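Novice: Got a predicted structure plus its sequence, pasted below:
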Amino acid sequence: LTLVLLRFGIVAKIRTREPSKNCIINGRLINSKHTVYIIAIRNLNDIKLFDKFIGFNHTEKNEKIKEILNDKNKKNHHTNIDVIPGVGSVLKNVREVYNLKLNRKYENIISERNNPKRDTLAGFIKFVRKQKDNNIMVAIPAGLKNEIYDKLSQKLAKNEIYNKFKITYHQFYDYFMRHNRMTKIPLKLLTEISVFLEDESILEQTTPGKQDINNAKSEVGKLEKLAKSDIFWDEITDIKVINNEYEFVYDFTAENTHSFLANGILVHNTAIAEKDEFAEGAWTLKAGALVIAGGGIACLHPDTNVIINNKILPIGNFFDNSLAYKAQTKSNDNNDNNEIIEINDISVSVPAFNVSKSTVKSEKATAIRKKRYIGKMREFTFESGFSLKVTADHLILSGSTLKWIPAGDFAAGDFAVSPLKLPANDNKIYILDIVPGKWKVSLLKSEKQDLKKIILNKYKSLAEFNKKFELSRHILSSDMQFSAEQFRKVLCELDLYDKWREKPLHYARKSKTNFMEIPCLTPELGYLFGFIYGDGHVEINKRRANIHVVQSTKHTEYIQKFKECWKMVFGKEPDMPAESILLGELYNKFVGEKLKNILLLPDEVLKSFIAGAMDADGCISIKNYVKNDKPYKTVHVEFLLSNDTRANLNFILALRRFDCYSKLIDKSHVNVQSIIITGRKDILCLKDSIKKYSIKAQKEIPIRIHNVSSASDKLPSGVVSEISKDISKINKTRLINDGIWSKIYAYKKEKYLPSRDQLAKISNKLSDIIAPELNDKIQLLMCRDFFIDKIKSINEFDFDGFVYDLYVPGRNNFVAEGIFVHNCIDEFDKMERSDQSSMHEAMEQQSYHPDTP
C-alpha cells in the first residue's frame, strides 16, 4: 500500500502497535491479541496530496481532513519525514560564496546537525537565485590591487573612474588603495574592470576563485534537482545480519540508470556483461558496472600540477565529467567501506620513474579517478620551490630508502625523489597543424593553380569537389580563401597533407595575411619566444598583435642575435613594436598561460627558448674570493623572468629536460622571484645545452677546484648506507690505505648525505676487488635522471571537495608538482574489460535475497 501511495507522491510510514490487553479503537474497548500494523501519513504536504488524488468517501472522515487542511493556524511541523540529509556543508559554501545574509529560517538549515525540509530547501534556492551575482564579494592579492590601480589611472582620471564604474572615492580607496586590511570587492565590479582593461587574468586571481564560484553555482543547480526530485530519504533504523538459507541470490541488469526498486529502496544493479566480438569472444564489463578497485583515499588535491602529454596542468582540469562513468571501490579491510568514484578512460603519456634502473621514461596512463574527500590534507614545501598537496596515505618515493611510504610518515627535513632529466621530445610541430581552424590559409595564385590541377586529376570537375566539401565555386578562382579547418580536410582527402605542411604558407586571422619563412617551429623562433618572454611582451587585441621588446643599446650583441633570428623567421629585419598576429598566436600557445605548454616544444626549440630567455633576462655570474690566502671562484646562473610562481616552476621543469637542477628563490625584500642554478654540473649541463644559441652561454666556466657536491648530486643516504656496509666488509687496511675508510664509515652510519662524485671515487679505487653485483648497485645511483628534494615544511589543512589520481600500469607512478608520487588506484588492473573474474566477483558481492520484491 505504501508503494501504491508513492504513485501519487505520497510518503507514508509503517508503524506497529504491539499486542496489549486493552485498547480503544473508534471509541470501543478492544482486547488486542495481535500486532497491529498502521500506515501513517503525517506530513501536511502528503495529506494535501492524499486529499487531492484519493480522499475519503466516508463523510465524517472527509470533513475531518478538510477541517485540518483549512485550518490556517495549522503549521507544517517538521516531521523529519521529507528531509534532505547531508547538504549542510554545501549550503554553507553557497552562503559564503554568495555572501548571503539569511534569516533564522534559512540560517538553521546551514548546519551538519540539521536536515532541511524539501520546501525549506526550495525556498533557500529561490532566495539564492534572486541574488544572481550581485552579492558575490571576492578578495584579490595586494600586487593585483596595485596593478589594477595603475592600469585604470593610465586610462582614466579619478573622476572618470568613479563615474564609469559607479563607485565613490571611498569605495575606490577601500578596494584598490588600502593595503593594511583585506577588503573584499564586488565580483560584478571586478568583471566590469577586467572587460574594460581587456585582461581576463584579473578574474583568475580572486578568492573565492572563478572555479569556486562556478562550483557554487553548480551546487545550487544540484540542490534544486534534489528539492524537485521524485525520491525521498528513508532513515535506516536497524541493521541485522541474517543467515542465508537459500542456494541462489539474484540481480537485475538495468540499462541507462543501473538501478531498480527492491523492497521500496533504490538499489544499484551489478555488472553488465555482454559478449564482445572485438574481444576475442570474451565477456566484457560495460560502463556502469561494479568495479573492483582499492578502498583507500590516497589522492591528490585538484590544483596539483601534473605533466600529461607534455602539458603542465592541474590534474582536476584534465578530468572530463561528460566522459566519466561511475564505479564502486572494494574496501581492502572487509568492513564494507565501499564508495562511489568516477573514472575517465584515457590514453596519455606521463613521465615515470623506473626504481630498479634509476631512469625516467615516458609511460602510458590509462585512467584518471575522481572522488569526494572530506578530511585533512598535507602540503609539502620543497627546497626547489615546489609544493605538493596530498592525502596522508598517498605514497611518495623516499629520498632515503627509495621505497614508497605514505605522505603521513614524512617530516620536515626528509627527502623525496624528483626527476632531474625529463624525457626528451623530438616531435616536430608544424604551423599548419596548430593554427586555429577558423583562421584563413591565404594561398597564392600559383598555389591555387597547383591545387586545382591535382583536384581535376581526382575529380570529374571542380563543381564535384566543391559540393563534397561544401565550398564556394569561387574558392580557387578568386580572393576567397580556405579556412584552416577546411584546408586540412582537403589536403587529407588529396593525400597532400604531409607534403603541404612542409611548405611555408600565408595565414590570416581575418583579412591581413601573415607569413613566416618556416613551416614548423624552429630554434630561431624558439629564441624569439624566449627573448620576448624575458624582456618583452605580446599584446593581442581584436585588430592586431603587437610585439614589444625592450633592451639597452649597450647590449648590441644580444640585439643583433635577436634581429638575425627574426630575419630567419620572417625574411626581414624587425621594426619595433612589430606586428604579427601569427607570431602572437604561436607565442600565446606555447609561452602564454604561465608556460603550461612549454614542454610541448621539441628539444632544440626548447633549448633556444631558454637561450633567448638567458640573453634577455638571465646572467652567468662568476665571482672571485680569497679564503686562507687562497683564491677561488664561485659561479651561479640566475633568471629574473616573472613574479608568477607557477610560470617560474614550469620554467624549472623545462630546465629539467636537460639534466639541470634549479630552485626558486623568493626575494621578498625586492618583490621579485628568481630562478637560481648554483651546482657546477648543473651550470655545465645548461651551458652545453644552449651554447649553440645563446651569446651569454659562450662565457667560460672555471674548473672546479674542490669537489663540493650540489643538491642535484646528493644520493639517498639509506641506500648508500647499505652499500657502504657491504664495502666495509672488504679488507679494512686496504680501505684505510686508499683513504676512503672514513667516508665509508660516515656513509654507513648516515652521518651526512652521500654524493655521486664521492661514491664514484670509492668505486674507482676498489674496481679491482669490488663484487660485480655491488658495482651494479653503485652504477645505478650514478644515473643523473633523478635527485632528492629536501622537504622544508609540512602543513596540514582541512579539505572538502574532489580529489584525483592517475593510473599508470607500467611503473605505477608519475610526476606531480615536480615530485614522483605513486598511483594509488590499488588493484585497478582488475578493471580491465576482459577480466572475467572481476565480473563474477562483482556479481557475488552485489546480489539480492530471493524473497526480495
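Specialist: In hand now; what should we look at? What you see is a predicted model, and the numbers here were worked out from it, not measured in a lab. Residues are numbered from 1 along each chain as shown.

Novice: So which residues of the stretch 351-500 of the chain form helices?
Specialist: 431-434, 445-458, 462-469, 484-493, 497-500 (DSSP state H, counting those that start in this stretch).

Novice: Compare these and give me the one nearest residue 617.
Specialist: helix 431-434 (26.7 Å; Cβ to Cβ). (C-beta placed from N, C-alpha, C; glycine too.)

Novice: what sits up against that closest one?
Specialist: 441, 484, 487-488, 500-501, 505, 507, 516, 518-521, 582, 586, 589 (Cβ atoms under 8 Å, 6 or more residues apart in numbering).

Novice: In strands only, show me the residues you listed.
Specialist: Of the contacts of helix 431-434, the ones assigned to strands by DSSP state E are 441, 507.

Novice: farthest-separated two in the contacts of helix 431-434?
Specialist: 500 and 589 (20.8 Å).

Novice: Please identify which of these two sits among more neighbours.
Specialist: Taking other Cβ atoms under 10 Å, residue 500 and residue 589 do not tie; residue 500 has more neighbours (21 against 15).

Novice: What is the end-to-end distance of stretch 193-205?
Specialist: Stretch 193-205 has an end-to-end distance of 14 Å (criterion: Cα to Cα, to the nearest Å).

Novice: tell me the mean pLDDT for it?
Specialist: The average pLDDT within stretch 193-205 is 81.

Novice: Check stretch 43-58 too.
Specialist: On average, stretch 43-58 scores 89.

Novice: domain ranges for this protein?
Specialist: 1-70, 137-207, 287-420+787-837, 431-501, 523-698, 714-784 (the TED database).

Novice: Touching stretch 473-484 from outside, list them.
Specialist: Under Cβ under 8 Å, 6+ apart, the answer for stretch 473-484 is 432, 435-443, 448, 451-452, 455, 462-463, 466, 471-472, 490, 507-508.

Novice: Convert it to PDB, retaining C-alpha atoms only.
Specialist: Extracted in PDB, the C-alpha atoms of stretch 473-484 (Å, rounded to 0.1, in the frame of the first residue of the first chain):
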ATOM      1  CA  ARG A 473      32.600  27.700 -56.500                       C
ATOM      2  CA  HIS A 474      34.900  30.700 -56.400                       C
ATOM      3  CA  ILE A 475      37.200  29.300 -53.800                       C
ATOM      4  CA  LEU A 476      40.000  28.600 -56.300                       C
ATOM      5  CA  SER A 477      39.400  31.400 -58.800                       C
ATOM      6  CA  SER A 478      39.000  34.500 -56.600                       C
ATOM      7  CA  ASP A 479      40.400  36.200 -53.500                       C
ATOM      8  CA  MET A 480      38.300  33.800 -51.300                       C
ATOM      9  CA  GLN A 481      40.400  31.500 -49.100                       C
ATOM     10  CA  PHE A 482      40.000  28.200 -47.300                       C
ATOM     11  CA  SER A 483      39.600  28.200 -43.500                       C
ATOM     12  CA  ALA A 484      42.400  26.300 -41.900                       C
END
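
Novice: List the buried residues of it.
Specialist: 475-476, 481-484 (16 or more other Cβ atoms under 10 Å).

Novice: Same question for stretch 531-543.
Specialist: 531-536, 538, 540.

Novice: average pLDDT for that stretch?
Specialist: Here the average pLDDT along stretch 531-543 is 88.

Novice: Would you mind measuring the gap between the ends of it?
Specialist: 24 Å.

Novice: just stretch 455-463 next, same as before
Specialist: 11 Å.

Novice: contact partners of that stretch?
Specialist: Residues contacting stretch 455-463 (Cβ under 8 Å, 6+ apart): 452, 465, 468, 473, 476, 494.

Novice: how many neighbours does residue 730 have?
Specialist: Residue 730: 17 neighbours (other Cβ under 10 Å).

Novice: Residue 687 now?
Specialist: 21.

Novice: which one is it nearest to, not counting chain neighbours?
Specialist: residue 697 (5.1 Å; Cβ to Cβ, 6 or more residues apart in numbering).

Novice: I'd assumed residue 610 was in contact with that neighbour.
Specialist: No: contact criterion Cβ atoms under 8 Å: residue 697 and residue 610 do not qualify, at 9.3 Å.

Novice: residues shared between the contacts of these two?
Specialist: 686, 690.

Novice: Of the two, which one has the most company?
Specialist: residue 610 (30 against 23).

Novice: who touches the more buried one in this structure?
Specialist: 530, 654-655, 658, 686, 689-690, 694.

Novice: Now do it, the pLDDT please.
Specialist: In this model, residue 610 carries a pLDDT of 98.
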